[in-house]
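In: sequence and predicted structure are below.
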Amino acid sequence: MIFFGSLLRSPHPYSEYSSFRALLHVAIERLCQRYKLALSLAVCLCLAAPVHASHPDVLLEAKIPKVSAATDNTAAANKPNGNKVNDSNAAIDTPYNEDTLTIENVKNINGLAPASLWQPELSEPSLYALLDAEFAADRDDKRRAVSIYKQQSFKEDATAVFERALSLSLRNERVEDSLQFAKTWQDQNPDHVPAWFYVAHLALRAHDYILAGETLNRILRYDPRADLSEILIGIYPNNDDDKRELLAALQPLDSEQNASLSVLKAGLLYQFNEPEVAIVHINRALERQPDYVPFITLKADILRKIVTAETVINYVSQARLRNPDSKSLYLYEIRYLLDLKQSEQAWKLLLEAHSRFNDDSEITLLAALVSLDIEEYASADELLNMLAKSPAYLDQAYYYLGISAERQQLFDQAKYYLNGVMQEDLVLEARRKVVAFELLDNDVDGAIATLEKLRKDFTVFAPDTFVMQADILWQQNESDEALRLLTRAARKYPDNEMLLFARAQLLDDKEDYVVKRTLLNHLQALDPSNLSYQLSYAQLLLANERSSEQGLALATAIIQIRYDDPRYDNDLHLQALNVLAGNALAKENYQQVIDYLQTPYDVLPTLRSGTLLLRAYQGLGNNEKVEALLADLQQRFSFGQHNINDRIQLY
């Protein structure tokens, strides 16, 4: 309804109604009481005075969602005597053809009610036709409504009808169809400035950058300082090719006096790594609006590519001092300092921001987190206790109070806070920590009770709790009970991959070969790209056939994934090295074991890698290396000789 506000306030273009029009109003009122809204719309649209504004306050697309609708309309036929006669039975089947949209085609659209047989053709929009269109829209016959409105919009003084037609088109047709209609209407009404804005926006949406550039240039010639912000909403391209086309269309336009256009050019140039040119355009925008925060932060982003960090911080700080109430500038500077690893400076600025915005929970939380990061626990606890007074932030406050207590080794206090967390996206990790604290105290029953309560309170995490409980049982040397637990859980959640994989991990590679292979094949079918499933399958194959080409290929492929590959996982990489080293050890290829594991062990020592290396050096008879490595294992992992020997037998 936003497009009709100006119409409702406009003076009536006619001094009086004809008697015929008055009788028609009475008849419609009696027959159509259930369509009061449709009637009011039609009357307002038909009787309103034309609207002439410098540009629209709100662009149509900013308020109307896009819904695709197919159109297969055809042009209507005329009677031999030249008078347009409409057949109500053919109204829906014979509207216009969008592919050949012209002014004449739109004028000849069929679909009006039978009243046009006795109602003379009017130069202004027909009240009856608009009423028919509103009834059609109310009955969800969108195609008919759009067709009628488009036809009526090409009559005299039909600005409001055009806007209603365009709004319906945007809701029910492709943006390309809406653009074609708007451009056709604008060609017939070349002096209607708002239509320029509509066409420019729709051209940008439809990626018709040539038309967009021409229309924007026309607007800028009319008013070099025109507010283009509504035109530019939601049109930023997603791919580089479209961005280049848009930039090419904008480059010839004189944006020196137009802040909106300057900043759009600056943003595109920044993305194409042309900061020296981008800075020129953003400076032009800032000349018009020197304290507009989005422009300031974009300039700071551009400066980060061409000047020192100190210069950027000075620029943002000066802007922040000019705009002391801008939370955004505080946050920008704080986050930039954190990016630079200048946590102390960021913390001090956060405390200043917290003092200024003391009711802002986001600032309080960020200040608390940075306090935790730099081990200022007293500050963190004070801020988090303040945050806990806000119901919306209570769970986050409790979670981080638990983290603070954990880092201070106040484990009972940590358990208290973490047990109080009930927010779904935090509760699983909170209870996982509680379970770890209980196991640290050798309270196995308490750990399992925590998991059972979590399972009861949050059924969505039931599979996770079963896996954690099975892991506890396995650590207590109750592997059979752990396997039975997972088997029961898998029956309850048959499609849960986490449970299936945990169960597969507990199965013996040799004794349960068939079952484990079936499970892993099923999991790989569900998720063929999952590297954990592939590695487990490789280990299974190599455990049963040392020379398995498929097993070797799978494990080797994982260690060949580069660290800059999105699939790279450091833990998985090390596990794959251990699988290959274990296979080499079984073949008594001791040097190959050392080649696989010595460097990883030096960088990130693990017990499994260390024991495999120890066996390899024992096989080579290198007693010096054996003694040194054994001492290192005993020191790092607190294992005695008999523990090491027991652990070695697993590989």
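Out: Yep, it's here.

In: going forward, measure contacts between C-alpha atoms and count neighbours the same way
Out: Will do.

In: what's the local residue count around residue 507?
Out: By the criterion of other CA atoms under 10 Å, residue 507 has 17 neighbours.

In: quick one: contacts for it?
Out: If a contact means CA atoms under 8 Å, 6 or more residues apart in numbering, then residue 507 has 483, 516 as its contacts.

In: if I look at it, how far off is residue 501?
Out: 10 Å (CA to CA, to the nearest Å).

In: can you check residue 444 too?
Out: Distance of residue 444 to residue 501, computed by CA to CA: 24 Å.

In: again with residue 595
Out: Separation of residue 595 from residue 501 (CA to CA): 30 Å.

In: neighbour count winner among those two?
Out: residue 501 (20 against 13).

In: hang on, the more buried one packs against residue 520?
Out: Yes. Using CA atoms under 8 Å, residue 501 is in contact with residue 520, at 7.4 Å.

In: which strand or helix spans the nearest residue in space to residue 186 that is not next to it in sequence?
Out: In this structure, residue 186 finds its nearest non-sequential neighbour in residue 195, 5.8 Å apart by CA to CA, 6 or more residues apart in numbering. In the assignment (DSSP states H and E), residue 195 maps to helix 193-205.

In: helices or strands up against that helix?
Out: If contacts are counted by 3 or more CA pairs under 8 Å, 6 or more residues apart in numbering; DSSP states H and E, helix 193-205 sits against helix 175-188, helix 209-222, helix 229-232.

In: nearest to residue 436, out of the ones you listed?
Out: With CA to CA, the closest approach to residue 436 among the helices and strands packed on helix 193-205 belongs to helix 229-232: 52.5 Å.

In: for the stretch 151-300 of the chain, give me the ranges with low pLDDT.
Out: Within the stretch 151-300 of the chain, the stretches falling below the threshold (pLDDT under 70) are 229, 232, 234.

In: so what's the gap between the strand or helix carrying residue 498 and the chain middle?
Out: If you go by DSSP H and E, residue 498 is part of helix 497-506. Relative to its chain's centre, helix 497-506 lies at 31 Å (CA atoms, centre = their mean, to the nearest Å).

In: my guess is residue 428 meets residue 461, correct?
Out: Yes. In this structure, residue 428 is within contact of residue 461 by CA under 8 Å, at 7.3 Å.

In: the two: which has the busier surroundings?
Out: More crowded of residue 428 and residue 461, by other CA under 10 Å: residue 428, with 20 against 16.

In: distance of the spatially closest residue to residue 405 that is not a sequence neighbour from residue 613?
Out: Nearest residue to residue 405, sequence neighbours excluded (CA to CA, 6+ apart): residue 414, at 4.9 Å. According to CA to CA, residue 414 and residue 613 sit 39 Å apart.

In: of the two, which one has the most company?
Out: Between residue 414 and residue 613, residue 613 has the larger neighbour count (other CA under 10 Å), namely 29 against 25.

In: returning to what we had before: in TSV, list the helices and strands packed on helix 193-205 along with mean neighbour count and distance to residue 143.
Out: What follows is those, written out as TSV (neighbours: other CA atoms under 10 Å; distance: least, CA to CA, whole Å):
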stretch	mean neighbour count	distance to residue 143
helix 175-188	20	13
helix 209-222	19	27
helix 229-232	19	27
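
In: do you know which of those helices lies nearest residue 397?
Out: Across these, the minimum distance to residue 397, taken as CA to CA, is reached by helix 229-232, at 39.3 Å.

In: any idea which helix or strand comes after the closest one?
Out: Counting by DSSP H and E, the element after helix 229-232 in chain order, helix or strand, is helix 240-250.

In: name the residues of the helix or strand following that following helix that come out as buried.
Out: Reading on from helix 240-250 to the C-terminus, the next helix or strand found by DSSP H and E is helix 259-271. Buried residues in helix 259-271, defined by neighbour count with 16 or more other CA atoms under 10 Å: 259, 260, 261, 262, 263, 264, 265, 266, 267, 268, 269, 270.

In: ditto for stretch 460-468
Out: If you call a residue buried by 16+ other CA under 10 Å, then stretch 460-468 has these buried ones: 461, 462, 463, 464, 465, 466, 467, 468.

In: again with stretch 272-279
Out: Neighbour counts over stretch 272-279 (16+ other CA under 10 Å) mark 274, 275, 278, 279 as buried.

In: show me what the helix or strand containing residue 429 is packed against.
Out: Per DSSP H and E, residue 429 falls inside helix 424-440. Here helix 424-440 touches helix 394-407, helix 411-419, helix 444-457, going by 3+ CA pairs under 8 Å, 6+ apart.

In: so where's the stretch 1-150 of the chain uncertain?
Out: 1-122.

In: spatially central residue for this structure, please.
Out: Closest to where the C-alpha atoms of the chain average out (CA atoms, centre = their mean) is residue 238, at 12.8 Å.

In: for it, which residues are in contact?
Out: Here residue 238 is in contact with no residue (CA under 8 Å, 6+ apart).

In: how is the chain carved up into domains?
Out: The chain breaks down into these domains under automatic domain parsing: 1-202, 489-648.

In: what mean pLDDT would you report for the last one?
Out: Think domain 489-648. Taken as a whole, domain 489-648 has an average pLDDT of 90.

In: chain center to it: distance?
Out: The answer for domain 489-648 is 37 Å, by CA atoms, centre = their mean.

In: redo the buried residues of helix 259-271 as JSON lines? Include distance to residue 618.
Out: Formatted as JSON lines, those follow (distance: CA to CA, whole Å):
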{"residue": "259", "distance to residue 618": "74"}
{"residue": "260", "distance to residue 618": "73"}
{"residue": "261", "distance to residue 618": "72"}
{"residue": "262", "distance to residue 618": "71"}
{"residue": "263", "distance to residue 618": "68"}
{"residue": "264", "distance to residue 618": "67"}
{"residue": "265", "distance to residue 618": "67"}
{"residue": "266", "distance to residue 618": "65"}
{"residue": "267", "distance to residue 618": "63"}
{"residue": "268", "distance to residue 618": "62"}
{"residue": "269", "distance to residue 618": "62"}
{"residue": "270", "distance to residue 618": "59"}
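
In: which residues touch the residue lying closest to residue 587 once chain neighbours are set aside?
Out: Nearest in space to residue 587, with sequence neighbours left out and distances taken as CA to CA, 6+ apart, is residue 546 at 7.6 Å. Going by CA under 8 Å, 6+ apart, residue 546 touches 583, 586, 587.
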